[in-house]
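Participant: what's the 3D shape of this:
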Amino acid sequence: MIQQESNQHYHIIDLGSANGTFVNGSRIVTPTPMHTGDIIALGKTELIFNHQSAPKLNHTSLQNLGDETIAFVNKKLVTILVCDIHRYTELSEAVGNEPISKLLLDWNKKATQIIRKYDGQVDKFIGDAVLAFWLQDDKDHLEKVLSAAMDINQITAILGEKLHFPWPLTTGAAINSGMIMLGNLGADGSRDFTMVGDAVNVAFRLESQTEAHTKEVILGQSTYEQLRQHHDIFTPQTFVLKGKNDKVQGYTTTFIKLATALKM
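Facilitator: Down below sits the predicted model:
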């Protein structure tokens, strides 16, 4: 489905097809912005998107489209990555709004580029944190998630040096896997697109433990069980998470150990 927004922007949405929808060679999962010249691949058929030839819909015709052109919810097995900048509140108080705004602008851009480089998709940025996900049907997706987390930590340190912050910047990363509901759960087009589910909640809760317990990377139980190698760099640890009655098993490591393992 190609959906026209009220601001004359267009998004393409895959409605759960078995063979997938591809834009410029990359499979899409979330509603994806379309631009003139983009190539859409459906099976063996390729289409070229042309903004100028798209019908111009007035306000009345948009109202008549019905909710079926807006609602989009799909169940997916994914691996979730949550990264945030450690000591962010303390840093904001130390350097002020302008340097922090510059940091977040550059960090959001770089983090997005890294996640896309490793075939992930950004769900959203929340303050100094990024929420991203990878489909589990990619057999190498865990290596890509770990690489993305490591690269985001490295670029964060580089940005901190360039902006001359008072201490080296580091990140925490939590990676968790599970079934989530992925879709446009609001009533205002793709701008309300998000994912929900216990796997997302646990990922955020685990990420909060990275700073509380001076950890750098934490894997959830299901992610660790899917990992085919590098088990030796992780240490098991139980965590008490908000909203969970029972302790949650996690596996911790450092970015230095992770970098060494990924280069082997």
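
Participant: please identify the helix or strand for the nearest residue to Gly178 once chain neighbours are set aside.
Facilitator: Nearest non-adjacent residue to Gly178, counting by C-beta to C-beta, 6 or more residues apart in numbering: Ala199, 2.9 Å away. From N, CA and C alone the C-beta is placed, and that goes for glycine too. Assigned by DSSP states H and E, Ala199 falls within helix 198-212.

Participant: what about Phe204, how many neighbours?
Facilitator: Applying other C-beta atoms under 10 Å, we find 18 residues neighbouring Phe204.

Participant: looking at it, it is touching Ala174, isn't it?
Facilitator: Yes - using C-beta atoms under 8 Å, Phe204 and Ala174 qualify as a contacting pair, with a distance of 7.4 Å.

Participant: overlap in contacts, the two.
Facilitator: Val82 (C-beta atoms under 8 Å, 6 or more residues apart in numbering).

Participant: rewinding a little: wait, what's in contact with the residue nearest to Gly178?
Facilitator: Val78, Ile80, Asn176, Ser177, Gly178, Met179, Ile180, Gly220, Ser222.

Participant: let's go with 7 Å and repeat that
Facilitator: Shown in contact with Ala199 (C-beta atoms under 7 Å, 6 or more residues apart in numbering): Ile80, Asn176, Ser177, Gly178, Met179, Ile180.

Participant: pull out the buried members of these.
Facilitator: Buried members of the contacts of Ala199, counted by 16 or more other C-beta atoms under 10 Å: Ile80, Asn176, Ser177, Gly178, Ile180.

Participant: so Ala174 bridges to which residues?
Facilitator: Counting by DSSP bridges, Ala174 is bridged to Val82, Ile218.

Participant: mind giving me the domain ranges of this protein?
Facilitator: Taking automatic domain parsing as the criterion, the chain consists of the domains 2-68, 74-263.

Participant: out of those domains, deepest packed?
Facilitator: Of all the domains of the chain, domain 74-263 has the most neighbours on average by mean count of other C-beta atoms under 10 Å, namely a mean of 18.

Participant: so where is the stretch 51-200 of the chain shaky, pLDDT-wise?
Facilitator: Judged by pLDDT under 70, the stretch 51-200 of the chain has its weakly predicted residues at 52-73, 184-193.

Participant: try it again with 80
Facilitator: For the stretch 51-200 of the chain, the stretches flagged by pLDDT under 80 are 51-74, 138, 182-194.

Participant: let me see the contact set for the spatially most central residue of the chain.
Facilitator: Centroid-nearest residue in the chain, with C-alpha atoms, centre = their mean: Ala132, separated by 1.1 Å. Residues counted as contacts of Ala132 (C-beta under 7 Å, 6+ apart) are Leu81, Ile115, Gly120, Gln121, Val122, Asp123.

Participant: in helices only, show me those.
Facilitator: Of the positions in these, Ile115 sit in helices, assigned by DSSP state H.

Participant: between the contacts of Ala132, which is nearest Glu98?
Facilitator: For the contacts of Ala132, the residue nearest Glu98 by C-beta to C-beta is Val122; the value is 25.0 Å.

Participant: contacting residues around that closest one?
Facilitator: Val122 sits next to Thr112, Ile115, Val130, Ala132 when contact means C-beta under 7 Å, 6+ apart.

Participant: include distance to Gly96 and secondary structure when you put these into JSON lines, please.
Facilitator: Below are the contacts of Val122 laid out as JSON lines (distance: C-beta to C-beta, whole Å; DSSP: H, G, I helix; E, B strand; the rest coil):
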{"residue": "Thr112", "distance to Gly96": "25", "secondary structure": "helix"}
{"residue": "Ile115", "distance to Gly96": "28", "secondary structure": "helix"}
{"residue": "Val130", "distance to Gly96": "23", "secondary structure": "strand"}
{"residue": "Ala132", "distance to Gly96": "29", "secondary structure": "strand"}
